[in-house]
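Asks: Only the shape, not the letters, is given here:
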């Protein structure tokens, strides 16, 4: 039997983390949540199949996290889910290999 994909969700907003994890589990995925980028990095030894991260977080932003991961050789698929509406930040995330940039609130069809 194939392994269920494990998605990491990194967001400093607990309500967003919980709602997103619930949504992912309803679709048949497994989910682990982290309240900060450093908390995720402390657990990166877990095999995640995808990362969903916010941009604006205290300490280390989602862009900083993506930069650190890519500098370390990680090719983990990343989806950015954020309220940030800044084309230069979006371009940086996509240049770093983010698979998608979704703006909060996300439309149902997205």
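Replies: It's in. Note that the structure is predicted; figures quoted are calculated from it, not measured.
Asks: Who does residue 102 form a beta bridge with?
Replies: residue 81 (DSSP bridges).
Asks: any idea how far residue 85 is from it?
Replies: From residue 102 across to residue 85, the span is 12 Å (CB to CB, to the nearest Å). From N, CA and C alone the C-beta is placed, and that goes for glycine too.
Asks: neighbour count winner among the two?
Replies: Between residue 102 and residue 85, counting by other CB atoms under 10 Å, residue 102 is the more crowded of the two (13 against 9).
Asks: my guess is the more buried one meets residue 81, correct?
Replies: Yes. Using CB atoms under 8 Å, residue 102 is in contact with residue 81, at 4.9 Å.
Asks: Quick check: what element follows the lengthiest helix in the chain along the chain?
Replies: The longest helix of the chain (DSSP state H) is helix 14-26. Next in sequence after helix 14-26, counting helices and strands by DSSP states H and E, comes strand 30-34.
Asks: This protein: strands as residue ranges?
Replies: 6-10, 30-34, 50-53, 78-82, 100-103 (DSSP state E).
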